[in-house]
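Enquirer: Could you look at this predicted model? Sequence included:
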Number of protein chains: 2
Amino acid sequence: MKKKFEMKKKLVIIALGGNALLKNGQKGSIDEQNLNVRETLHGLYPIIKEGHHLIITHGNGPQVGFILLKNDAGEQVYGIPQVPLDVAVADTQSEIGYLIQSELFSLLHQNGIDREIISTNTMVQVSPDDPAFQNPTKRIGKTYYDKAEVQKLEREKGWTFKQETKNGKTGWRRVVPSPQPVDIISKNTLKVLAESGAIVVAVGGGGVPVSIEGDTMHGQEAVIDKDLASALLAEQIGADQFIILTDVPYVYLNYGTDAQQALEKITTSQAKDLMNKAAFGEGNMAPKIRAAVNFIEANGGEVLITDLEGLKSGKGTKIIV
Amino acid sequence: MKKKFEMKKKLVIIALGGNALLKNGQKGSIDEQNLNVRETLHGLYPIIKEGHHLIITHGNGPQVGFILLKNDAGEQVYGIPQVPLDVAVADTQSEIGYLIQSELFSLLHQNGIDREIISTNTMVQVSPDDPAFQNPTKRIGKTYYDKAEVQKLEREKGWTFKQETKNGKTGWRRVVPSPQPVDIISKNTLKVLAESGAIVVAVGGGGVPVSIEGDTMHGQEAVIDKDLASALLAEQIGADQFIILTDVPYVYLNYGTDAQQALEKITTSQAKDLMNKAAFGEGNMAPKIRAAVNFIEANGGEVLITDLEGLKSGKGTKIIV
């Protein structure tokens, strides 16, 4: 048999940000979400067209919030038992996965591309010893609970609450831990899938958090940062490129001030220096930079952080070894 | 290189019935469902142990009902837009998929078996010309709507309702079409997955019904019979064996009468004769027999219809060419 020279396909992982699915001010109907997903996928088309092996990951911020509220309402109105947070995260994986699959199917077929698309439910291992479990900080669900509800839910479900004041309103919100991802469950199969040529949707909402004690798996009521989980997947299966899609074209220094400065290319050691100086917002860009550094230090490769427009026009912050 | 003699692995598809997940009289909490899934998987363990390629499919009857009620309650209480039925079916795929994955992970690890498990979101194509769309018969959601709600929902959402009387109560229920499955979307990837050695969860709830018009995919507010969709998958990827797990050990003639007779082995032509004589309940055993016949006629192979106990003790109705 003659040997064929074939360009090796790159394995690319793209993490979609929250506004790829739902934009500020939208109510969250499926029609809105479908349109947003369609727009996002059109923006990704240049990368899809290149034919590389591709895994798409995504957040689930508003969607898991809706499911928690529906849970609460379903118990109130119809007495349906609420599902725990890990199950709610699972719900959002196929809900959003289906939207992506369906819009991507149309996009591929309209462009004569014959690739299958598969959306998976990904579980991600966390450690019960992660300090996040002692200090839950991630706010989720209803705004706001009142004191009586809080006492009842603390007692009956063991939930934790924090008081907050926002836009002149004060109330209690549920807080849950955001532990570090330790292992992507079934990662080898995700790699097989991507290398089979299918476009894969995985690690939705950062994955369903589970712990493994002895030989037994337990769901955890927590949420995992989707960029950190995506970076771990990228590292564990040896991705060549990791793209974090967000709502700004660059990572900036002094973001939102007169001295704002776009970063075009930085090394991981520069990125770590800047993180030590708290140059990036903890609720925003810092976890993305941390995810990028984790991936590159463990694996090599490069990370691009940008928005849809940046992706189309070749802009964005490159993080390199 | 020396040739190795290796027993070819069979590709087995097992369709789990409703009571594999939730039993009559249970409220539907996740704890109950986890226990039921664990019991079911223990029952399947002899088959899992054989190491064959394995795809597990499942129903979603009670779960999709809960999600529809939570949708309704979420709109009432918090004004959250309801998701259409196709999205609700998608939700149940990763919800149930996660329960199966998590319990199966523990079962495999407790037995020292190193196989990954992957749960997928499966879309199934239906034809918009399917006569079922002109005559929706499948009852879903709230029991019951009153006349005023019905008129509002018919007008605003285009839903269809039928009046029913049950246990002395009369009211309106939403009915949706149950069209025939035409094609399992991404079936080749499901085959690749199963042959990679992973245990695959797929076609949950009969799959998310979609139509393809030109190059564009559209979700359909319908439900697909899970045994028919599983049989189509079995046929399209050339499964060797298709097992339908239900709540009785055999298919019976004259079921529930003094003349009840268990069928141990029947051919497809015997099965078709009996179906023509309406020997099997249309809401119950008839779709399973039809699914079995479809699979065998298109593909060869054999079908086993039984319950968990039957599976353990080698009972069950075998349907053969």
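Expert: Ah, there it is. Numbering: from 1, shown residues only, chains lettered A, B, ... in the order given.
Enquirer: tell me which parts of the stretch 201-321 of chain A are close to chain B?
Expert: Residues of the stretch 201-321 of chain A lying close to chain B (Cβ under 8 Å from any Cβ of the partner chain) are A:201, A:208, A:210, A:212, A:215, A:216, A:217, A:219. From N, CA and C alone the C-beta is placed, and that goes for glycine too.
Enquirer: Write down the beta-bridge partners of the last one, one by one.
Expert: According to DSSP bridges, residue A:210 are recorded as the beta-bridge partners of residue A:219.
Enquirer: contacting residues around it?
Expert: A:84, A:86, A:87, A:208, A:209, A:210, B:98, B:102 (Cβ atoms under 8 Å, 6 or more residues apart in numbering or on different chains).
Enquirer: So which of the residues you listed are in helices?
Expert: A:86, A:87, B:98, B:102 (DSSP state H).
Enquirer: quick revisit: please list only the buried members of the residues of the stretch 201-321 of chain A next to chain B.
Expert: A:201, A:208, A:210, A:212, A:217, A:219 (16 or more other Cβ atoms under 10 Å in any protein chain shown).
Enquirer: and which of the residues you listed is nearest to chain B?
Expert: Taking Cβ to the nearest Cβ as the measure, residue A:217 is the one of those closest to chain B, at 4.6 Å.
Enquirer: how about that closest one, what does it touch?
Expert: Per Cβ under 8 Å, 6+ apart, neighbours of residue A:217: A:123, A:210, A:211, B:102, B:103, B:105, B:106, B:109.
Enquirer: which of these sit farthest apart?
Expert: The largest separation in the contacts of residue A:217, counting by Cβ to Cβ, is between A:211 and B:103 at 14.6 Å.
Enquirer: ok, these two, which is more surrounded?
Expert: Neighbour totals were compared for residue A:211 and residue B:103, and residue B:103 leads with 23 against 19 (other Cβ atoms under 10 Å in any protein chain shown).
Enquirer: State the phi and psi torsions of residue A:165.
Expert: phi -120, psi 130 (degrees, to the nearest 10).
Enquirer: how close does it get to residue A:146?
Expert: 14 Å (Cβ to Cβ, to the nearest Å).
Enquirer: try residue A:139
Expert: 16 Å.
Enquirer: Between these two, which is the more surrounded one?
Expert: Applying other Cβ under 10 Å to residue A:139 and residue A:146 shows that residue A:139 carries more neighbours, namely 15 against 9.
Enquirer: Now do the contacts for that one.
Expert: Counting by Cβ under 8 Å, 6+ apart, residue A:139 has contacts A:162, A:164, A:173, A:174, A:175.
Enquirer: Nearest spatial neighbour of whichever residue of the stretch 201-321 of chain A sits closest to chain B, chain-adjacent residues omitted?
Expert: Nearest residue of the stretch 201-321 of chain A to chain B, counting by Cβ to the nearest Cβ: residue A:215, 3.9 Å away. Sequence neighbours aside, residue B:109 is the residue nearest to residue A:215 in space, at 3.9 Å (criterion: Cβ to Cβ, 6 or more residues apart in numbering or on different chains).
Enquirer: can you pull out the helices in the stretch 51-200 of chain A?
Expert: Assigned by DSSP state H, counting those that start in this stretch, the helices in the stretch 51-200 of chain A fall at A:61-78, A:85-110, A:147-157, A:187-195.
Enquirer: Could you dump those into JSON lines with mean pLDDT added?
Expert: Formatted as JSON lines, these follow (pLDDT from 0 to 100):
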{"stretch": "helix A:61-78", "mean pLDDT": "95"}
{"stretch": "helix A:85-110", "mean pLDDT": "97"}
{"stretch": "helix A:147-157", "mean pLDDT": "94"}
{"stretch": "helix A:187-195", "mean pLDDT": "97"}
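Enquirer: Of these, flag the one that's most buried.
Expert: Mean neighbour count (mean count of other Cβ atoms under 10 Å in any protein chain shown) peaks for helix A:85-110 among the helices of the stretch 51-200 of chain A, with a mean of 25.
Enquirer: Could I get the contacting residues of the residue most central in space within chain A?
Expert: What sits nearest the mean C-alpha location of chain A, by Cα atoms, centre = their mean, is residue A:226, with 2.8 Å. Counting by Cβ under 8 Å, 6+ apart, residue A:226 makes contact with A:15, A:57, A:58, A:59, A:60, A:203, A:204, A:205, A:206.
Enquirer: For it, report the pLDDT, please.
Expert: As predicted, residue A:226 sits at a pLDDT of 96.
Enquirer: got it, and residue A:2?
Expert: 48.
Enquirer: so how far is the first residue of stretch A:24-38 from its last?
Expert: With Cα to Cα, to the nearest Å as the measure, stretch A:24-38 spans 17 Å from end to end.
Enquirer: is that stretch up against chain B anywhere?
Expert: Yes: residues of stretch A:24-38 contacting chain B under Cβ under 8 Å from any Cβ: A:27, A:28, A:29, A:30.
Enquirer: who wins for neighbours among those residues?
Expert: That'd be residue A:30 among these, by other Cβ under 10 Å, with 17 neighbours.
Enquirer: Does that residue touch residue B:88 like I think?
Expert: No: if you go by Cβ atoms under 8 Å, residue A:30 and residue B:88 don't touch, sitting 10.3 Å apart.
Enquirer: circling back to that earlier point, among the ones in helices among the contacts of residue A:219, give me the pair with the biggest separation.
Expert: Pairwise distances across the ones in helices among the contacts of residue A:219 peak at 9.8 Å for A:87 and B:102 (criterion: Cβ to Cβ).
Enquirer: Sketch out the low-pLDDT regions of chain A for me.
Expert: Along chain A, segments meeting pLDDT under 70 span A:1-7.
Enquirer: Distance-wise, check the residue nearest to residue A:145 when sequence neighbours are not counted relative to chain B.
Expert: Excluding the flanking residues, the one nearest residue A:145 by Cβ to Cβ, 6+ apart is residue A:172, at 4.5 Å. According to Cβ to the nearest Cβ, to the nearest Å, residue A:172 and chain B sit 17 Å apart.
Enquirer: and what of residue A:62?
Expert: Between residue A:62 and chain B the computed distance is 10 Å (Cβ to the nearest Cβ).
Enquirer: tell me the SS of the residue lying closest to that residue once chain neighbours are set aside?
Expert: Spatial nearest neighbour of residue A:62, excluding adjacent residues (Cβ to Cβ, 6+ apart): residue A:22 at 4.8 Å. On the three-state scheme (DSSP: H, G, I helix; E, B strand; the rest coil), residue A:22 is labelled coil.
Enquirer: if I pick residue A:286, what's in contact with it?
Expert: Taking Cβ under 8 Å, 6+ apart as the test, what residue A:286 contacts is A:275, A:280.
Enquirer: rerun at 6 Å
Expert: Applying Cβ atoms under 6 Å, 6 or more residues apart in numbering or on different chains to residue A:286 gives the contacts residue A:280.
Enquirer: So it versus residue A:244, what's the distance?
Expert: Computed as Cβ to Cβ, the residue A:286 to residue A:244 distance reads 12 Å.
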